[in-house]
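In: sharing a sequence plus its predicted fold:
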Amino acid sequence: MDAQNGITLYIQSGIIPFCRKDDHIEILLITNKKKDKWGIPKGLVEEGLSASESAQKEAFEEAGIYGKIYKPSLGKYSIRKWDGKCRIKVFAMEVTQVLDKWPEDILRKREWFSVEKAAGMIRNKKLQAMILGLPEYLEE
């Protein structure tokens, strides 16, 4: 956490979890703890972990998934939260394992969506663009 222009800046990382199904890609979204908004697993970058390692840890805790992280990152976006600003670095993660039980399974729902449907459920325009751009990113 850093102070920038009198605003507290929080450094977070997150992942866009995906799997390949036949000829298309599906995205796994999770709800916030109130279960009223869909989003991606994300959290503060923990001391001693890289941004991608921290994102992978959040994927397990919030969504009960493991997988392969792709680098470089898809990009960054910002949101206002906790009376400050959160800057979130986003990675793609190909899901290789989905757990039946995980640390936040009671707090959140998770669901697979098409790329277009997932993007439509996200409010942040930059994150929407990252989701829509994922198929092209994976082809590179």
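Out: That came through, no problem.
In: what lines up beside the longest strand belonging to the chain in the sheet?
Out: In the chain, assigned by DSSP state E, the strand with the most residues is strand 65-81. For strand 65-81, the paired strands and their directions (DSSP bridges) are strand 84-98 (antiparallel).
In: give the buried residues for the partner strand.
Out: Residues of strand 84-98 classed as buried by neighbour count (16 or more other C-beta atoms under 10 Å): Lys85, Cys86, Arg87, Ile88, Lys89, Val90, Phe91, Ala92, Met93, Val95, Val98. C-betas here are computed from N, CA, C, even on glycine.
In: export these as JSON lines, with columns for distance to Ile11 and pLDDT.
Out: Listed next are these as JSON lines, based on distance: C-beta to C-beta, whole Å; pLDDT from 0 to 100:
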{"residue": "Lys85", "distance to Ile11": "10", "pLDDT": "85"}
{"residue": "Cys86", "distance to Ile11": "8", "pLDDT": "83"}
{"residue": "Arg87", "distance to Ile11": "6", "pLDDT": "91"}
{"residue": "Ile88", "distance to Ile11": "8", "pLDDT": "91"}
{"residue": "Lys89", "distance to Ile11": "8", "pLDDT": "93"}
{"residue": "Val90", "distance to Ile11": "13", "pLDDT": "96"}
{"residue": "Phe91", "distance to Ile11": "14", "pLDDT": "96"}
{"residue": "Ala92", "distance to Ile11": "19", "pLDDT": "97"}
{"residue": "Met93", "distance to Ile11": "19", "pLDDT": "98"}
{"residue": "Val95", "distance to Ile11": "25", "pLDDT": "98"}
{"residue": "Val98", "distance to Ile11": "28", "pLDDT": "97"}
